[in-house]
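Novice: Need the 3D shape of this:
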Amino acid sequence: MEDNPLRPICKQWLEKIKLAEKHKKPFTEDAQEAMSFFCSDPDAMWGSKYFSKYSRGIDPPEFRMQINRVWEAVRLFTAVIHHRNPTRTVTPKDYPIIGPQLLGIFPQPPVPQMGPDGQPVVGPDGQPVMMPDPGMQQYQQMLQQQQLMLERRKLVSSLLQEYLNYTPNELNLKQHSRKVVEEAFIKGGSVWWHELYQPPGSELKMAGSFFDSVDNLVWDPDADEFEDILWCARKRVHPVDYVANKFNLNREDLRGSGESYSSQAGESERGYKHKKKNGKTNDLITYWEIYSKTGFGDRLKDGDKELRGKFDALGPNCYIVVAEGVDFPLNAPPAILQEEVDDSGIPQTLFINAQWPIPFWAEPNGWPFTLLAWHGKPGYSWPVSLIRPAIGELRFINWAMSFLATRIATSSQTLVGVAKAADPDIKSKILEKAEGGFKIVEISEAIGRSVNDVISVFQMPGITQDMYQIIAEVTALFDRRVGLTELIYGMSRNQFRSAAEAQVKAEQISVRPDDYANQLEDALSEVARKEALMARWLISPEDVAPLLGPMAAQAWQMHVLNEAPDTIVREYSYRVEAGSARKPNIASKVENLNNAMQIIMPVAQGLLQAGKPELFNAMLEDWGKTMNFDISRYLVPPPPPPPPEQPPGEPPPEQPE
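Specialist: Purely as a prediction, here's the structure:
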C-alpha cells in the first residue's frame, strides 16, 4: 500500500473533480435557486442570507409568501411534451442503386453460343442460344449481393426495433424520462444513464436507461462546449459492503465517506465522534466513476512525471473509479499490479478493468449518459436553467406579494379612539365580546357630550391600485419570459373573431412547446441508439428468447451479434416517432382521420367488393387506435384461396357429403 504507484493517479483525478465542481458552480447555484422556487418553504426566499442579499436596508415583511411559479411551468410543460413511452423506429441506411454505365459496364450485343464443331448451338425452340453478357452478369451479381445485405440489415433493424420497444415498459422508462424532463425544466439539464439491469434472482439481462440527478455529474472544466469535453465523472454513494463486492475488494481497504441513517442514529453513543473521525461507524462510501477519453490519468496536467506515459497501452478510453481516503482506483487494486505483464507492459487484468464497461465511445455522442438540455450558454459547457432569465421578476413577485399581504393585514386593523375623559367602562365595553352581532355602549350623561365626540373610529390608508398593477405587469413579464402565457392555461381575454384568428394564435402559442418536444424526441432517439449499442454488446440470445421468442433469439445470434458495434451505431437510424411521447390530442386526430376517410373510404369499399379488404382493414385499425378501441373482431377476413387446378384427364376430387 505504501509503494502503490497508482496513488498519484487517484490524487490527480480527485483534484480534477474538485476543479470540475468549481467550474460547475454557476450552474449549481442557479439550479438550487430554481429548485427553491419549485416546491420549497417560504424560508427559502426569506432566510436571512437570501433576503439580505437582495433586500439591503429593508426590514422583512411580517407575512412571508413563496409564489412557486416554477411549479406551474414544470407541471404544464411536462404534461404537454411528455405523456408516455415513445415508439421507437430502427431503419437501416439504404444503399443507392447505381446504373451499370456509371460503373464502367456497358451492355454488349448478344453473341450466339458456339458448339465444339464451330457451329451455333440451337435450343429446343430451334433458335440459337445466346451467350450471356459477362459485364451484365457481374452487375446482376452485385445487385443480388447488395440486396442480400440490405435484407439482412432489415432483419437486424427489425430485431432491434422489437427489443427497443419491449424494454421501456419493463424498465419503466416513462417514469424515468418524466423525472429527467422535470429536472431539466427546473435546473436546466438532466440525464439518463445507460446501464444493464438484471432483476433480482433472475439471469435475464436487459439494456435500459435510468434517471439520476444532474447534481451527481461533473465533466471536463477545460471545455467551453459540451461537445468538447474529454472526461466525465459520476458521483455514487453506496454501502461499503456493496462496493467491496462490486469491485472484489476487502471491506477494510475502503473508508466510508458518508453515513447511513442507521449510523447517524448512533450519534448519542459514547465515543461516537471519535469513531466517526476514524471512519469506524461509516457504512456508506462516496466514490466517482470516471469515463475518460484522455487516458488513464498519467498524462494529466501537474501529474507525476515518473508515471507519464506508463499507461499508454491502456488506450485513450479508460474507466477509473476513485474515492476519498482510498489510495488506489477501486477497479485497480494493488494486487493487480503484482500480476505478470504482457507485451504491452500492462497486466491483462488491469487492461480489462480499465476499459469502459460498454464502448459508448463508438457512438457519436460517446458518453454513458444522454443529456437533456433546453438552453445553452455560449462559452460555457453547462446549460442554462429555464428560470434563470426570469429570476429577477420571480424574486420581485415574491417580495412584492409578501409586502402586499403584510400591508393588507395592517390596513385591515381597526383603530378606535376614546376620549381620555370618557368613563373607563366605555373602554371595557368596546373590548367585550359581541352578542348577536351587537355591542351596547352606555354613555354617562355626566359627560355632556355626544357619542361621536367621545368615540372615533380611524380608517387606515387603503392599498392603491398601482400596487396591483405593478405586480400584474411583472407577473406578465415572467410569464412571457418562461412561456406561461394565458393560452397555455386555456384562457383568452378577448373572444376570437374568426377561425383563422384562433388558428394563428394556436400556432403561435405552440411554438415553444413544439421546440421543447422536438428536443426531447431528439434526446430520446439518442437514448434508443445507445440502448441498441448496449444490446449488441451485452445482450445474449438467452436474454432475447423470453422476450421475442426462440426464432428471434437464433436470428439475434446469427445477425445482430455479428454486426460490428460501430455498424450498429452508424449504419442504422434510430428515431422516436414524431409526437409519440407527447400527450395525444384525440380531437385533432379524429378530425384528421375523418377528413382522410372521405377520400380513402370510397376506394377502400371498391377494393373490398373486389375481394381485397386490406385497405379497408387498415382504415379500421387506424380508427381503432385513434379511439382507443379494439376492432380486431370487426376486420374483414381475406377471401379463401382458389382451388388448385386439376391436371387434364384426372377426375375432380370428391366433395365431402
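Novice: Wait, a strand at residue 195?
Specialist: Yes. Following the definition DSSP: H, G, I helix; E, B strand; the rest coil, residue 195 is counted among the residues of a strand.
Novice: Find the residue closest to it in space, skipping its chain neighbours.
Specialist: Here the nearest residue to residue 195 in space, its sequence neighbours aside, is residue 210; by CB to CB, 6 or more residues apart in numbering that works out to 6.1 Å. C-beta: built from backbone N, CA, C; applies to glycine.
Novice: May I have the secondary structure class of that neighbour?
Specialist: Three-state call for residue 210 (three-state DSSP): strand.
Novice: Please determine how far it is located from residue 519.
Specialist: With the distance defined as CB to CB, to the nearest Å, residue 210 ends up 20 Å from residue 519.
Novice: So between these two, which is more surrounded?
Specialist: residue 210 (19 against 16; other CB atoms under 10 Å).
Novice: contacting residues for that one?
Specialist: When contacts are counted by CB atoms under 8 Å, 6 or more residues apart in numbering, residue 210 touches 171, 176, 192, 193, 195, 197.
Novice: Show me what the closest residue to the first one other than its chain neighbours bridges to in the sheet.
Specialist: Leaving aside its sequence neighbours, residue 171 sits nearest to residue 208 (CB to CB, 6+ apart; 3.9 Å). Residues found in beta-bridge contact with residue 208 (criterion: DSSP bridges) are residue 195.
Novice: could you measure residue 208 against residue 193, distance?
Specialist: Using CB to CB, one gets 9 Å for the distance from residue 208 to residue 193.
Novice: Give me the common contacts of those two.
Specialist: The overlap between the contact sets of residue 208 and residue 193 (CB under 8 Å, 6+ apart) is empty.
Novice: Quick one: mean pLDDT for the strand or helix carrying residue 567?
Specialist: For residue 567, the host element (DSSP states H and E) is helix 565-570. Summarised as a single mean, pLDDT over helix 565-570 is 80.
Novice: and it, what does it pack onto?
Specialist: Here helix 565-570 touches helix 511-538, going by 3 or more CB pairs under 8 Å, 6 or more residues apart in numbering; DSSP states H and E.
Novice: can you give me the helices for the stretch 301-450 of the chain?
Specialist: Remark: helices assigned in the stretch 301-450 of the chain by DSSP state H, counting those that start in this stretch are 334-337, 348-353, 391-411, 424-431.
Novice: quick one on the thing from earlier: just the buried residues of the helix holding residue 567, please?
Specialist: The neighbour-count check on helix 565-570 (16 or more other CB atoms under 10 Å) flags 565, 568, 569 as buried.
Novice: Likewise for stretch 233-247?
Specialist: Going by neighbour count (16+ other CB under 10 Å), the buried part of stretch 233-247 is 233, 234, 235, 236, 238, 240, 243, 244, 247.
Novice: Using CSV, write down the CA coordinates of that stretch.
Specialist: What follows is stretch 233-247 as a C-alpha-only set of coordinates in CSV (Å, rounded to 0.1, in the frame of the first residue of the first chain):
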residue,chain,number,x,y,z
ALA,A,233,-17.3,11.6,-13.6
ARG,A,234,-20.4,10.3,-11.9
LYS,A,235,-20.8,10.5,-8.1
ARG,A,236,-22.1,7.3,-6.5
VAL,A,237,-23.0,6.6,-2.8
HIS,A,238,-23.4,3.0,-1.8
PRO,A,239,-22.9,0.8,1.2
VAL,A,240,-19.3,-0.2,1.8
ASP,A,241,-20.1,-3.9,1.5
TYR,A,242,-21.8,-3.4,-1.8
VAL,A,243,-18.8,-1.5,-3.2
ALA,A,244,-16.4,-4.1,-1.8
ASN,A,245,-18.4,-6.9,-3.6
LYS,A,246,-18.7,-4.9,-6.8
PHE,A,247,-15.0,-4.4,-7.2
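Novice: what does it rub up against?
Specialist: By CB under 8 Å, 6+ apart, the residues outside stretch 233-247 that reach it are 13, 17, 20, 193, 212, 215-219, 249-251, 253-254, 256, 258, 260, 282-291, 321, 330-331, 333, 369.
Novice: what's the distance between it and the middle of its chain?
Specialist: Relative to the chain's own centre, stretch 233-247 is displaced by 24 Å; criterion: CA atoms, centre = their mean, to the nearest Å.
Novice: likewise stretch 96-114?
Specialist: Using CA atoms, centre = their mean, the distance from the centre of stretch 96-114 to the centre of the chain it belongs to is 53 Å.
Novice: Please work out the average pLDDT along that stretch.
Specialist: Taken as a whole, stretch 96-114 has a mean pLDDT of 80.
Novice: and what of stretch 404-417?
Specialist: For stretch 404-417, the mean per-residue pLDDT is 72.
Novice: Only the buried residues of stretch 401-413, if you could.
Specialist: By neighbour count, and taking 16+ other CB under 10 Å as the criterion, the buried residues in stretch 401-413 are 401, 402, 403, 404, 406, 407.
Novice: Enumerate every residue touching the residue nearest to the third one when sequence neighbours are not counted.
Specialist: Nearest residue to residue 403 in three dimensions, chain neighbours excluded: residue 61, at 4.8 Å (CB to CB, 6+ apart). Residues counted as contacts of residue 61 (CB under 8 Å, 6+ apart) are 402, 403, 405, 406.
Novice: can you put the residues you listed in a markdown table and add distance to residue 390?
Specialist: Output for those, formatted as a markdown table (distance: CB to CB, whole Å):
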| residue | distance to residue 390 |
| --- | --- |
| 402 | 18 |
| 403 | 20 |
| 405 | 22 |
| 406 | 24 |
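Novice: Just give me the closest of those to residue 107.
Specialist: The nearest member of those to residue 107, counting by CB to CB, is residue 402 at 86.9 Å.
Novice: Let me know whether that closest one touches residue 64 as I believe.
Specialist: Yes. Residue 402 is within contact range of residue 64, at 5.1 Å (criterion: CB atoms under 8 Å).
Novice: The nearest residue to residue 607 once chain neighbours are set aside and residue 625, how far apart?
Specialist: Spatially, and ignoring its direct neighbours in sequence, residue 607 is nearest to residue 615 (5.4 Å; CB to CB, 6+ apart). For residue 615, the distance to residue 625 (CB to CB) stands at 16 Å.
Novice: Look at these two and report which has more neighbours.
Specialist: Here residue 615 and residue 625 are set side by side on neighbour count (other CB under 10 Å), and the busier one is residue 615, at 16 against 13.
Novice: Quick check: pLDDT value at the more buried one.
Specialist: According to the model's per-residue confidence, residue 615 sits at a pLDDT of 85.
Novice: Please save the CA atoms from the helix or strand containing it in CSV.
Specialist: Assigned by DSSP H and E, residue 615 falls within helix 614-627. Once non-C-alpha atoms are left out, helix 614-627 reads as follows in CSV (Å, rounded to 0.1, in the frame of the first residue of the first chain):
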residue,chain,number,x,y,z
GLU,A,614,-56.5,-4.8,-46.9
LEU,A,615,-57.1,-1.0,-47.3
PHE,A,616,-60.5,-1.2,-45.6
ASN,A,617,-59.0,-3.1,-42.6
ALA,A,618,-56.1,-0.6,-42.4
MET,A,619,-58.6,2.3,-42.1
LEU,A,620,-60.4,0.4,-39.4
GLU,A,621,-57.2,-0.2,-37.5
ASP,A,622,-56.3,3.5,-37.7
TRP,A,623,-59.7,4.4,-36.4
GLY,A,624,-59.5,1.9,-33.6
LYS,A,625,-56.0,3.3,-32.5
THR,A,626,-57.4,6.9,-32.5
MET,A,627,-60.4,6.0,-30.5
